Structure formats: structure tokens, C-alpha cells
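how would this look folded up:
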Amino acid sequence: MASKRLARLNEQVKREISGILRLEVRDPRIGAITVTRADVSGDLWVARVYVRIAGDESERAETMAGLEAAAPFVRRRLGSELHIRRVPELQFKEDRALDHAMRIEAILKDVAPGADPEGLDPVDGDEVE
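Coordinates of the predicted model:
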């Protein structure tokens, strides 16, 4: 039962933080970001908030610095939206899952350059026999 409650809380935290960042935070360092996941600890002390950031490494670092600076404001706003006994400390983390997936795909293409995962010939789209 507790895990269902925690899963609902994770989704609600993700949704609320996404809205707060999009509509209320005015830090120019925080550009276009996507909140991909929130993991609230069972004791409600910490919430790790994973974000996807567009841009190069310097822009990503600047955005992360902006998120860290905005964390107390976001936490206060989150406290006014959620009805829980303790609002967790927010830790923003960059979600690099998509980067890892693209890197793995590139490696696989290098290993088997002629293979197509869909079973289609890469030249004309006909099925390979």
C-alpha cells in the first residue's frame, strides 16, 4: 500500500514542480527544461527531481545552477500545493537516460553497420530475406 501512495506522490510532485518551474520561476538561467521523474524518499525527507535540459554543457551547468538557486522557492510553493506533513528537500538531477540510449544505439550501429533492427533493407526499405 505504501508504495502505491509513494508512486502517486512522486507523480504529483513531478507535475507540481513542472508547473511551478514553467509558470512561476523567473530565473533567466532556467530555460526550456522537462521534469522527467521525481523520486520522493519513503520518509519524505528528500525528493530527487530529474530534469532533461536542452543545450550544450555550459548551458546545462548554468541551468542546473539556476535550479539549485530556485529550489527553496520551489519547495515553498510545493508546500502550499501539496497537503503532506513534510515537504521534502529538493535535489535536482540531470536526466541523461536519453543521452545514454542514443550512445548505445550509435555503438550498436558501429558494431553491425548493415543490420537494421526492423528487418528492413536500409537502402530500399524491402524486407531482407
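
Going along the chain, name the helices of this structure.
2-23, 57-81, 97-111 (DSSP state H).

Quick one: closest of these to residue 90.
helix 57-81 (4.6 Å; C-beta to C-beta). Where you see a C-beta, it was placed from the backbone N, CA and C, and this is true even at glycine.

Only the buried residues of the closest one, if you could.
Within helix 57-81, the residues that qualify as buried are 60, 62, 63, 64, 66, 67, 70, 71, 74, 75, 77, 78, counting by 16 or more other C-beta atoms under 10 Å.

Isn't the third one up against residue 32?
No. Contact criterion C-beta atoms under 8 Å: residue 63 and residue 32 do not qualify, at 9.0 Å.

tell me, how many neighbours does the spatially closest residue to residue 34 that is not a sequence neighbour end up with?
Spatial nearest neighbour of residue 34, excluding adjacent residues (C-beta to C-beta, 6 or more residues apart in numbering): residue 52 at 4.3 Å. Residue 52 has 16 neighbours, counted by other C-beta atoms under 10 Å.

surely residue 52 meets residue 33?
Yes. Counting by C-beta under 8 Å, residue 33 is a contact partner of residue 52 at 6.6 Å.

before we move on, back to that, report the contact partners of the residue nearest to residue 34.
Going by C-beta atoms under 8 Å, 6 or more residues apart in numbering, residue 52 touches 33, 34, 36, 94, 95, 98.

want to throw those into JSON lines with distance to residue 27?
Converted to JSON lines, the contacts of residue 52 look like this (distance: C-beta to C-beta, whole Å):
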{"residue": "33", "distance to residue 27": "11"}
{"residue": "34", "distance to residue 27": "17"}
{"residue": "36", "distance to residue 27": "20"}
{"residue": "94", "distance to residue 27": "16"}
{"residue": "95", "distance to residue 27": "19"}
{"residue": "98", "distance to residue 27": "24"}
